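# Show me how the following folds:
(one chain, ligands or ions: 2)
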Amino acid sequence: MASLAFSPPPPPRTRVIRSASSAGERQNLFNRIAPVYDNLNDLLSLGQHRVWKRMAVSWSGAKKGDRVLDLCCGSGDIAFLLSDRVGSAGHVTGLDFSADQLSVASARQGSHWNSCHNNITWVEGDALDLPFLDGCFDAVTIGYGLRNLIDKRNAMKEIFRVLKPGKRVSVLDFNKSTNALTMVIQEWMIDNVVVPVASGYRLRDEYAYLKRSIAEFLTGKELEELAKEVGFSKAKHYEIGGGLMGNLVATR
Ligand SMILES: C/C(=C\Cc1cc(O)c2ccccc2c1O)CCC[C@H](C)CCC[C@H](C)CCCC(C)C
Ligand SMILES: C[S@@+](CC[C@H](N)C(=O)[O-])C[C@H]1O[C@@H](n2cnc3c(N)ncnc32)[C@H](O)[C@@H]1O
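Ligands and ions are numbered 1, 2, ... in the order given. Predicted coordinates:
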C-alpha cells in the first residue's frame with residue numbers, strides 16, 4: 001500500500017534583494033556606505049561633485065551671519081561649505097537620519113584646522129518631520145537627498161515651513177532628464193562605471209539602487225511644479241554637469 005506520508009515541497013529558492021523601498025532600509029543603506037561614501041564620490045565623479053556642491057551653496061543665497069540648514073547632510077560636504085560662507089557670526093545645522101554618516105561628518109569637523117567649522121551642529125533626525133520652529137532659517141540646502149526621500153511633497157512642505165519668507169532652498173540632485181541621449185549616458189555610467197566600481201567595495205546593490213531612484217525621481221519641470229504647489233513663490237530648475245545633474249532653486 002502506498003504511503004500516505006506527505007512531504008512538503010522544498011521552499012522556493014529566494015534571492016534577497018535589498019530594494020531599499022522603506023525608510024528603514026534606506027537608513028541601513030546609507031549607514032553601510034558611510035565609510036567609503038566620500039572616496040567613491042570623488043572617484044566616480046572625478047571630483048566634479050565638489051563643483052556642483054559649490055554651485056548649490058551659492059544658489060542658496062546664504063550669507064555672512066545667516067542661520068542655515070543642510071538637510072540630508074551625510075558626511076557634511078555642503079555643511080562645511082555653508083560654514084565658510086556664513087562665518088563665525090552665522091550657524092549651520094546639518095541634519096541626517098544616518099548615525100554613521102553623521103559620525104563621519106563629526107570626525108571631519110574635528111580634523112578641519114583652519115576655519116570656523118565649529119559653527120556647525122549635527123542633528124540626527126528625519127527630513128520628513130523636522131525638529132525646528134516655523135520660519136527659523138535664512139537658507140536651506142539639500143544635496144542628493146530629496147530623491148532618496150519616500151515622501152518628496154512632505155519634504156518640500158517641511159522645507160517651506162522652516163524657511164523665512166523671501167528665503168531660498170537649493171536642491172542639488174541627479175537630473176531626471178527628458179533628453180534621450182542624456183538618459184542613455186546616465187544609465188550607461190551607472191551600469192558600467194558606478195556599479196562595477198562599487199562592487200569592488202561589496203556595495204553593488206547599494207549603488208544599483210541609484211538607477212531606480214533616478215527613474216522614480218521628478219524631472220526639472222515636475223520639481224518646479226511641486227515647489228509651487230507647496231507654496232514657494234518662485235522655482236527654477238537648472239541642468240548642470242552636462243545635464244547629468246540638476247539644481248532646483250525655490251524662494252519662499
Ligand atoms: C555625487 C555622486 C553620487 C552621490 C550619491 C547619491 C546618492 O543618492 C546615492 C545613493 C545610494 C548610494 C550612493 C549614492 C551616491 O553616491 C557621484 C556621481 C557620479 C556620476 C554618476 C557620474 C559623474 C560623471 C562624470 C565623471 C562627470 C562629468 C561631468 C562633465 C561636466 C560632463
Ligand atoms: C546621497 S547622501 C547625500 C549626502 C550629502 N548631502 C552629499 O551631498 O554628499 C543622502 C543622505 O540623505 C540621508 N537621508 C535619506 N533619507 C533621509 C531622511 N528621511 N531623513 C534624514 N536624512 C535622510 C541619508 O542618510 C544620506 O546621508
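# From one end of stretch 93-105 to the other, what's the distance?
Using Cα to Cα, to the nearest Å, the end-to-end distance of stretch 93-105 comes out at 12 Å.
# Closest residue of the stretch 1-150 of the chain to ligand 2?
Residue nearest to ligand 2 within the stretch 1-150 of the chain (Cβ to the nearest ligand atom): residue 74, separated by 2.4 Å. For glycine as for every other residue, the C-beta is placed from the backbone atoms N, C-alpha and C.
# What separation do you get for the nearest residue to that residue once chain neighbours are set aside and ligand 1?
In this structure, residue 74 finds its nearest non-sequential neighbour in residue 101, 4.6 Å apart by Cβ to Cβ, 6 or more residues apart in numbering. In this structure, residue 101 and ligand 1 are 11 Å apart, going by Cβ to the nearest ligand atom, to the nearest Å.
# What helix or strand is residue 101 located in?
helix 99-111 (DSSP states H and E).
# For residue 110, grab the count of nearby residues.
If you count neighbours by other Cβ atoms under 10 Å, residue 110 ends up with 10.
# And it, how far from residue 162?
According to Cβ to Cβ, to the nearest Å, residue 110 and residue 162 sit 27 Å apart.
# returning to what we had before: in three-state terms, how would the residue of the stretch 1-150 of the chain closest to ligand 2 be classified?
coil (DSSP: H, G, I helix; E, B strand; the rest coil).
# list the contacts for the closest residue to residue 31 other than its chain neighbours?
Nearest residue to residue 31 in three dimensions, chain neighbours excluded: residue 100, at 4.2 Å (Cβ to Cβ, 6+ apart). The contact partners of residue 100, by Cβ atoms under 8 Å, 6 or more residues apart in numbering, come to 30, 31, 32, 34, 35.
# and residue 238, how many neighbours?
Neighbours of residue 238 (other Cβ under 10 Å): 16.
# Tell me if it really is in a strand.
Yes. Assessed by three-state DSSP, residue 238 belongs to a strand.
# measure it to ligand 1 for me?
According to Cβ to the nearest ligand atom, residue 238 and ligand 1 sit 14 Å apart.
# isn't residue 78 right up against residue 141?
Yes. Counting by Cβ atoms under 8 Å, residue 78 does reach residue 141; the two are 5.2 Å apart.
# Residue 125 versus residue 69, what's the distance?
On the measure of Cβ to Cβ, residue 69 and residue 125 end up 11 Å apart.
# for residue 167, same thing?
According to Cβ to Cβ, residue 167 stands 20 Å off from residue 125.
# same question, residue 25
18 Å.
# Verify the stated contact: residue 128 with residue 154.
Yes. Counting by Cβ under 8 Å, residue 128 touches residue 154, with 5.2 Å between them.
# what's the overlap in contacts for residue 78 and residue 141?
Counting by Cβ under 8 Å, 6+ apart, the shared contacts of residue 78 and residue 141 are 56, 57, 70, 172.
# What sits closest to the last one if chain neighbours are left out?
With Cβ to Cβ, 6+ apart as the criterion, residue 172 has its nearest non-adjacent residue at 3.8 Å, and that residue is residue 56.
# Show me the strands in this protein, by range?
67-71, 91-96, 120-124, 137-143, 163-174, 234-240, 245-251 (DSSP state E).
# if we can go back for a sec, return the subset of the contacts of residue 100 lying in helices.
Taking DSSP state H, the ones among the contacts of residue 100 that sit in helices are 30, 31, 32.
# with the residues you listed in mind, which one is nearest to residue 223?
residue 30 (21.9 Å; Cβ to Cβ).
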